[in-house]
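J.: Sharing a model prediction with you, sequence too.
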Amino acid sequence: MKIISLIPGGIALSQLRAVWAGGVRIALDDSAWAGVRRSADAVRDIVAAGKPAYGINTGFGKLASTHIAEDRLEQLQANLIRSHAVGVGALMDDGVVRLILAMKIASLARGFSGIRPLVLETMIAAYNAGILPCIPAKGSVGASGDLAPLSHMTLALMGEGRVRVRGVECDAADALREAGIAPIALAAKEGLALINGTQVSAALALQGLFLCEHVFAAALASGAMSVDAARGSDAPFDARIHAVRGQPGQIAVAARYRELLAGSAIRQSHLVDDDRVQDPYSLRCQPQVMGACLDLIRQVATTLTIEANAVSDNPLLFEDGGQWSVLSGGNFHAEPVAFAADTLALAIAEIGALSERRIALLIDASLSRLPAFLTPDPGLNSGFMIAHVTAAALASENKSLAHPASVDSLPTSANQEDHVSMATFAGRRLTEMAHNTAHIVGIELLAAAQGLDFHVGMTTSLPLQRVHAQVRQQVPSHTEDRYLAPDIDAAQRLVLSGCFDAAAGGLLVSMAG
């Protein structure tokens, strides 16, 4: 099994995607351990000196002024985790939990958190043994860290709570014992360092990003195929049009459409004597819309890569000339992640909205000049009539889900934490949105493939022939009405599997190396 070496502060987006996908082990780069030991020693010295320092020998939040005696510090940390493990709802996906563990390890290994090497070694061992804490998805407001979900993570490392091992749920104590891993007994500051941070919000947003990339690529393929199925023009993709506007995503996407449509015999068949002057916007303006989405995806990828490498717990320890300072700040506030997730939600919603409009175009005989509802015998058969209704319903649902979460805030902890980011929900809803859009694009792939089937004796381009073949390997042509829901689900699975990622060429940022 491939081993990914985590270099604190230097983890690439492609490595995060590999962690999310699974099938890899992790290790911490040797260069990190010295800094980890130094900051852990600093915490030990602070405790020995007895001077109050927030999070080390005090209470938490509104109780920060309460000094805790040295002989009760271990109990303080254990109490913190147990009292904060209050999440509810469905459990987070395994891929998200893997990301949480890997990013938390990398963050603590930066050497500013005062955590012992033993804790990181235990986390790495649990990850590599496939022991994934059961983390409920709801219960964080994305400020003061993702306290509740990260407490569930930490509880499992203490040998309490529940975990999943290769998809099977069991007691954490049993899983650790079977793997030969000793549960952690938390020392001063360690519990707070483990649960303070943005790793849950970031992991949820990263899953949304990775799913969005699959959907984006498939929508390029389905959109190009719809152009040919409707005998649309490739003139709107001319490089000169996009160069004079100068938007980088638009320029890159237009180039992909030219490449996807190059050599199509269907396009050649209507270069002359076509009475249509312009195509509808859902065909003609694809570079403008999808290019804008690409720019947002790239911006989000940059923000989330930075956050994945960030130190976001509190307080932090800094060394200057052999002297250590304990500084209390607010890196746990996940506003950058919330903004990134809200931005990505716009892109996911728009990819689906544009795809839904192309489905509507294809089934409308007056626009596409294909048989009504893409069936050879309309009237007796309804064809794709209600499949489009499903796409419309999902596109509308995504519009509501795209409402920004970051504009909301509710104060917590007796108004000590009086502004929060709501980044956890902002990231969590992206998965549902991506699944919705994957269904919409899946329906378009079926509709566009059906449209191409009607162009008997003419072939589409080689890239689109490959897309058509991938669809037809799973779903046969629609010659008469049949049970369509399984076909739609099969197409959605193709989209989310990355089957059409090649359509995006080198545009997918998390696969660039």
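T.: Arrived safely, thanks for sending. Numbers count the residues shown, from 1 in each chain.
J.: Can you give me the distance of Ala239 to Ala262?
T.: To Ala262, Ala239 is 13 Å away according to CB to CB, to the nearest Å. To be clear about C-beta, it is placed using only N, CA and C from the backbone, and glycine gets the same treatment.
J.: so how many other residues sit close to Gln278?
T.: 11 (other CB atoms under 10 Å).
J.: where do the strands sit along this protein?
T.: Secondary structure of the chain (DSSP state E): strands at 2-6, 24-28, 88-91, 131-133, 136-138, 162-165, 168-171, 316-320, 323-327.
J.: which of the residues in the third one are buried?
T.: By neighbour count on 16 or more other CB atoms under 10 Å, the buried set for strand 88-91 is Leu91.
J.: who does it pair up with?
T.: Take DSSP bridges as the rule and strand 88-91 pairs in its sheet with strand 136-138 (antiparallel).
J.: Contacts for stretch 394-405, please.
T.: 338, 341-342, 345-346, 348-349, 352-353, 355-356, 422-423, 425-426, 429, 432-433, 436-437, 439-440 (CB atoms under 8 Å, 6 or more residues apart in numbering).
J.: can you map out the helices along the stretch 201-350 of the chain?
T.: All helices of the stretch 201-350 of the chain, identified by DSSP state H, counting those that start in this stretch, fall at 239-243, 248-261, 265-269, 281-284, 286-308, 335-363.
J.: now those helices in CSV, with mean neighbour count and distance to Gln15?
T.: Shown next, in CSV, are these (neighbours: other CB atoms under 10 Å; distance: least, CB to CB, whole Å):
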stretch, mean neighbour count, distance to Gln15
helix 239-243, 13, 33
helix 248-261, 21, 24
helix 265-269, 15, 41
helix 281-284, 20, 37
helix 286-308, 22, 9
helix 335-363, 25, 18
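J.: As JSON lines, these with mean pLDDT would be great.
T.: Formatted as JSON lines, these follow (pLDDT from 0 to 100):
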{"stretch": "helix 239-243", "mean pLDDT": "98"}
{"stretch": "helix 248-261", "mean pLDDT": "98"}
{"stretch": "helix 265-269", "mean pLDDT": "91"}
{"stretch": "helix 281-284", "mean pLDDT": "98"}
{"stretch": "helix 286-308", "mean pLDDT": "98"}
{"stretch": "helix 335-363", "mean pLDDT": "98"}
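J.: which one of those helices lies closest to Met123?
T.: For these, proximity to Met123 was assessed by CB to CB; helix 286-308 is nearest, at 15.8 Å.
J.: list the helices and strands that closest one packs on?
T.: Other helices and strands packing on helix 286-308, by 3 or more CB pairs under 8 Å, 6 or more residues apart in numbering; DSSP states H and E, are helix 13-21, helix 199-229, helix 248-261, helix 335-363.
J.: Now do that helix against helix 13-21, angle only.
T.: When axes from the mean of the first three to the mean of the last three CA atoms, to 10 degrees is applied, the directions of helix 286-308 and helix 13-21 differ by 80 degrees.
J.: so how far is helix 286-308 from its chain's centroid?
T.: Helix 286-308 has its C-alpha centroid displaced from the chain centroid by 12 Å (CA atoms, centre = their mean, to the nearest Å).
J.: For it, C-alpha coordinates in PDB please.
T.: Output in PDB follows, covering the C-alpha atoms of helix 286-308 (Å, rounded to 0.1, in the frame of the first residue of the first chain):
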ATOM      1  CA  GLN A 286     -21.100  27.200 -21.700                       C
ATOM      2  CA  PRO A 287     -17.500  28.600 -21.600                       C
ATOM      3  CA  GLN A 288     -18.800  31.700 -19.800                       C
ATOM      4  CA  VAL A 289     -20.700  29.800 -17.100                       C
ATOM      5  CA  MET A 290     -18.500  26.800 -16.700                       C
ATOM      6  CA  GLY A 291     -15.400  28.900 -16.900                       C
ATOM      7  CA  ALA A 292     -16.600  31.100 -14.100                       C
ATOM      8  CA  CYS A 293     -17.300  27.900 -12.100                       C
ATOM      9  CA  LEU A 294     -13.800  26.700 -12.800                       C
ATOM     10  CA  ASP A 295     -12.300  30.000 -11.500                       C
ATOM     11  CA  LEU A 296     -14.300  29.500  -8.300                       C
ATOM     12  CA  ILE A 297     -13.200  25.900  -7.900                       C
ATOM     13  CA  ARG A 298      -9.600  26.900  -8.300                       C
ATOM     14  CA  GLN A 299     -10.000  29.700  -5.700                       C
ATOM     15  CA  VAL A 300     -11.700  27.200  -3.300                       C
ATOM     16  CA  ALA A 301      -8.900  24.700  -3.800                       C
ATOM     17  CA  THR A 302      -6.300  27.300  -2.900                       C
ATOM     18  CA  THR A 303      -8.100  28.300   0.300                       C
ATOM     19  CA  LEU A 304      -8.700  24.700   1.400                       C
ATOM     20  CA  THR A 305      -5.100  23.700   0.700                       C
ATOM     21  CA  ILE A 306      -3.900  26.500   2.900                       C
ATOM     22  CA  GLU A 307      -6.300  25.600   5.600                       C
ATOM     23  CA  ALA A 308      -5.300  21.900   5.400                       C
END
